[in-house]
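Colleague: below is the sequence, then the predicted model.
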Amino acid sequence: FQSKDSQQVGCGMYLLTSSITSLLAISMLIIKFWFVVLTHINVSISLSVLRGGCASIEPILKLFLYLDGWLNACVAVERAALILKGVNFDKKKSKSIARRTILILPFCILGTLIHELAFRRLFEYETAPDTTDTNYNTAILFFHLIGPFIVNLFSALFIIFGGARQRSKAQTNQNFKEHIQLQFSEHKQLIISPIVLLILSIPRLIISLLPGCAKTSENLWLYLGAYFISFTPSMLIFLIFVFPSKLYMKAFKQSFNRIRQRTPP
């Protein structure tokens, strides 16, 4: 996504930022993994370390994960705008909007997570969970999961129906229904991908309903397994955005060839 061809419009900027946030999210996931494992194995770890880890790791992890989802939604919106405006699509304006969105979006997401940084606590003894905090956290998670999904789904439908309408005007030998079928066959991955990503994110919703931070119940490996599955969307950028795109696949092959040339035999 760093190539000039990929950076011609805002989509490339969104995807470049998304790839960076995905790497950061995976890095934080590894940190979270070892934090949970070590605190589960070594019960003598000081309470201050546990409190610091619980108060910082999870909110930062959520920030990168939510940011990745909304950046992917921005890609879908820009693709829909391209269909809407056609030849009148302003590439410079697209890049300008992308820069501002990339700068503002993390602060907007952080605003929904600030309560975790301020009020997340670790108690030495078991306490009754606060239902208000639990409900609020669940609502925030629903928003960050369902929001990008709805944006992606409606953008995909707009691309399919908008493209079919444009083609029906230019190619009158086929009716509108046939053009819709052709467009759906061509862009079906735009509908399938957000559904798959939402399904893979469901374990994270289930985990959010479980009380506790360092104490993840007796089913530690089930907890960690669900955590890994919920982070799968951050690892699928290549399959979702690069592989279906001729432009990005061309840029990927060029980058891969440059790396091969620089690598000594």
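Modeller: Received the coordinates, thanks.
Colleague: name the helices or strands packed onto the helix or strand where Thr21 lies?
Modeller: When elements are assigned from DSSP states H and E, Thr21 belongs to helix 10-41. Taking 3 or more Cβ pairs under 8 Å, 6 or more residues apart in numbering; DSSP states H and E as contact, the helices and strands that helix 10-41 lies on are helix 47-85, helix 91-119, helix 220-230, helix 237. Quick note: C-beta positions are derived from backbone N, CA and C, even for glycine.
Colleague: can you do 6 Å?
Modeller: In terms of contacts (3 or more Cβ pairs under 6 Å, 6 or more residues apart in numbering; DSSP states H and E), helix 10-41 is packed against helix 47-85, helix 91-119.
Colleague: let me see the mean pLDDT of the helix or strand containing Lys188.
Modeller: Applying DSSP H and E as the criterion places Lys188 in helix 176-208. Predicted confidence along helix 176-208 averages 75 (mean pLDDT).
Colleague: same thing with stretch 91-107?
Modeller: Mean predicted confidence for stretch 91-107 is 89.
Colleague: for that stretch, buried residues please.
Modeller: For stretch 91-107, a neighbour-count test (16 or more other Cβ atoms under 10 Å) marks 94-95, 97-98, 101-102, 105-106 as buried.
Colleague: looking at the helices and strands packed on helix 10-41, which is buried most?
Modeller: Among the helices and strands packed on helix 10-41, ranked by average contacts under mean count of other Cβ atoms under 10 Å, first place goes to helix 47-85 (a mean of 19).
Colleague: for stretch 149-165, which outside residues touch it?
Modeller: Applying Cβ atoms under 6 Å, 6 or more residues apart in numbering, the contact partners of stretch 149-165 are 73, 76-77, 79-80, 83, 179-180, 183-184, 187, 190-191, 194, 198.
Colleague: ok, of those residues, which one's closest to Phe33?
Modeller: Phe33 has its nearest neighbour among those in Leu198, at 23.3 Å by Cβ to Cβ.
Colleague: burial measure for the closest one, as a count.
Modeller: Neighbour count of Leu198, defined by other Cβ atoms under 10 Å: 19.
Colleague: one more: Asp90?
Modeller: Around Asp90 sit 12 other residues, with neighbours defined as other Cβ under 10 Å.
Colleague: any idea how far Cys74 is from it?
Modeller: Look at Asp90 and Cys74: by Cβ to Cβ, to the nearest Å, they are 16 Å apart.
Colleague: now do Lys32
Modeller: Taken as Cβ to Cβ, the span from Lys32 to Cys74 is 26 Å.
Colleague: then Ser19?
Modeller: 14 Å.
Colleague: what do those two both touch?
Modeller: With Cβ under 6 Å, 6+ apart as the test, Ser19 and Cys74 reach no residue in common.
Colleague: Leu71 is in contact with Tyr14, correct?
Modeller: Yes: taking contacts as Cβ atoms under 6 Å, Tyr14 lies within contact range of Leu71: 4.9 Å.
Colleague: ok so, going back, helices and strands around the helix holding Lys188, which ones?
Modeller: If you count contacts as 3+ Cβ pairs under 6 Å, 6+ apart, helix 176-208 packs onto helix 131-170, helix 220-230.
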